[in-house]
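1. sequence and predicted structure are below.
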Amino acid sequence: MTTFDAIVIGAGPNGLVAANHLVDAGWSVLVLEEQPTVGGAVRSDTDVHPGFVHDTFSTFYPLAAASRTIQRLGLEQYGLVWRHAPAVLGHPFADGQWALQHRDREITATLMDRQHAGDGEAWLELCRTWDEIGDALITGLLTPFPPVRGGLSLLRHLPKAGGLDLVKMLLSPVVDIADTRFRGPAPGILLAGNAGHADIPLDSPGSGLMGLMMTMMGQTVGFPVPEGGAGKFAEALAARFQARGGRIETSSRVAHIDVSGGRASGVRTADGTPYAARRAVVADVVAPALYRALLDPADVPAKVHERMRHFRLDPGTVKVDWALDGPIPWASPPPYAPGTFHVADSRHEMNQALQQVHDGYVPATPFLLAGQMTTTDPTRSPAGTESVWAYTHVPQQTVADAGDGTIRGTWDRDDAERFADRMQDRIERLAPGFGSRILARRVLGPHELQARNANLVGGAINGGTAAIDQQLFFRPIPGLGRAETPIPGLFLGSASAHPGGGVHGAPGMNAARAALAHGRIDQVVSPVRGWARSVRARRG
């Protein structure tokens, strides 16, 4: 049997970050990946149309750009190049106006002032507040719970950033932040749209923090993409790991985690191949798969079994990729071309769609998150064309279709294509002639997404709901807010662990650090235990 210090299950960004940190510490590390290529939900392909690159799952990576974990890996030395669109984010209105966020905050403010005097200065004031607390806040969110160092830094900066008023703002729904600070529609629709990346209703606590964080990252680090496709990011992580002696086996699905003497001791793949782990097994897998499929039931404490019954996934996803023979024919083009754009007629419509999904209804007018990839990175398609995508959320369990009743919620090919037509019609209304520019279209419904990445159960892309009752020390279940699991030597390093979804590498890094810390403890404790056993034996 081949033996390694650590075995990492899954070559997604979290698994590869964990593997890099462990190999940097001098451990021998094996990464086992079910799919033929590395990347997890960070992959790209050329399947839609010849000459076009589409990101299969995730696309824009502000969290990666803001993450110290990712920055410290120096992935630029392994081929990673970040590209930016002229504008970060756009939201077209039916009357032809745009809410637009430029990377230059002064330009953003000027555009807002043209629509409503005073909003520009209010935007700059929000940016200055973020300058004070943004770095400490992100550091706190992306480190193990409780965030001691990040928390202390945040407390130091809090008085200057607004004190308790800031705390109140962070805990407020995003709609309240927008309404108390701005008078025109543009700032509020940008904040709300960014909050809509998570499955939190816009009028609920938690949405304000999400909306502010995503928006301000866009204003500071932008929404960058890897040149050549999302897969280049994963390839850089893999190249760094392998250059340091790490080993990756693709097309190797882990079917079981072995537990010996109450400790994780290795894994077995689907073809029966065993691998032993001297020190740790890190699982970059969704929590239900870890506790219900990869482990023997007898190895999981009864309390964990019981609490996992209440684990909630985030909503499903339908993603559509288009290859266009020209740019999107906007009825009213924006002053600066955005890489990311959102589609909703209003904040009310956006919140209605999110609430319908939360209640189990297929949205009648889905809120779209979309991207113009060639605008952002010209290598994505031939000159003069555009690589475009859009995704939206759908219920995990469908009660009914809030639209025309044609979507059954089975998400077979017919359901997915009909719903894609509904999504495409939303863009067509804002860009007449969009449909006539389509060279090819690909629809990935919940089943297709899960088939390409087992962690995307039912099309859930966040590793579990982002609702506050399944965050922090409640993630994935109450009492397991850290990477450690109830089984010594086994660590959860996926988006199901704190701090959750997003391409920032924090769950993987937290798992690797926990494994190293426990490894050091074992180096001290094991000799003592061995000495005690020998003493008892001599006395016996």
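-> It's in. Numbering: from 1, shown residues only.
2. just the helices in the stretch 251-400 of the chain please.
-> Ranges of helices in the stretch 251-400 of the chain, per DSSP state H, counting those that start in this stretch, are 287-289, 302-308, 347-358, 373-376.
3. what's the spacing between stretch 279-288 and its chain's center?
-> Relative to its parent chain, stretch 279-288 has a centroid offset of 17 Å by C-alpha atoms, centre = their mean, to the nearest Å.
4. I misspoke; the intended subject was stretch 378-390.
-> Stretch 378-390 sits 23 Å away from the centroid of its parent chain (C-alpha atoms, centre = their mean).
5. kindly report the same for stretch 287-304.
-> Distance of stretch 287-304 from its chain centroid, counting by C-alpha atoms, centre = their mean, is 24 Å.
6. hang on, the earlier thing: now render the helices of the stretch 251-400 of the chain as TSV, adding distance to residue 482.
-> Any C-beta I mention is one placed from the backbone N, CA and C, and that applies to glycine too. Below are the helices of the stretch 251-400 of the chain laid out as TSV (distance: least, C-beta to C-beta, whole Å):
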stretch	distance to residue 482
helix 287-289	13
helix 302-308	14
helix 347-358	28
helix 373-376	36
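7. mean neighbour count, the ones you listed: which tops it?
-> helix 373-376 (a mean of 25; mean count of other C-beta atoms under 10 Å).
8. pull the CA atoms of that one into PDB?
-> Coordinates of each C-alpha in helix 373-376 appear next as PDB, following Å, rounded to 0.1, in the frame of the first residue of the first chain:
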ATOM      1  CA  MET A 373     -16.000  37.200 -21.100                       C
ATOM      2  CA  THR A 374     -14.400  38.500 -24.300                       C
ATOM      3  CA  THR A 375     -14.900  42.000 -23.100                       C
ATOM      4  CA  THR A 376     -13.000  41.100 -20.000                       C
END
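9. that one packs against which elements?
-> strand 338-343, strand 386-394 (3 or more C-beta pairs under 8 Å, 6 or more residues apart in numbering; DSSP states H and E).
10. as CSV, those with mean neighbour count, distance to residue 165 and mean pLDDT would be great.
-> Compiled in CSV, the helices and strands packed on helix 373-376 are given as follows (neighbours: other C-beta atoms under 10 Å; distance: least, C-beta to C-beta, whole Å; pLDDT from 0 to 100):
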stretch, mean neighbour count, distance to residue 165, mean pLDDT
strand 338-343, 25, 28, 98
strand 386-394, 25, 32, 98
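11. for residue 390, see how far away residue 3 is.
-> 47 Å (C-beta to C-beta, to the nearest Å).
12. cool, residue 198 as well?
-> For residue 198 relative to residue 390 (C-beta to C-beta), the value is 17 Å.
13. domain parsing for this protein?
-> The record's domain split for the chain, according to automatic domain parsing, is 2-43+230-311+462-523, 315-453.
14. a markdown table for the helices of the stretch 251-400 of the chain, including distance to residue 168 and mean pLDDT?
-> Rendered in a markdown table, the data for those read as follows (distance: least, C-beta to C-beta, whole Å; pLDDT from 0 to 100):
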| stretch | distance to residue 168 | mean pLDDT |
| --- | --- | --- |
| helix 287-289 | 32 | 96 |
| helix 302-308 | 32 | 92 |
| helix 347-358 | 21 | 95 |
| helix 373-376 | 36 | 98 |
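15. tell me which of those helices approaches residue 509 most closely.
-> helix 287-289 (17.9 Å; C-beta to C-beta).
16. counting by contacts, list what that closest one packs against.
-> For helix 287-289, there are no packing partners by 3+ C-beta pairs under 8 Å, 6+ apart, so no helix or strand.
17. quick one, what contacts the closest residue to residue 408 other than its chain neighbours?
-> Distance criterion C-beta to C-beta, 6 or more residues apart in numbering; nearest residue to residue 408, sequence neighbours excluded, is residue 415 at 5.8 Å. With contact set as C-beta atoms under 8 Å, 6 or more residues apart in numbering, residue 415 has these partners: 407-409, 445.
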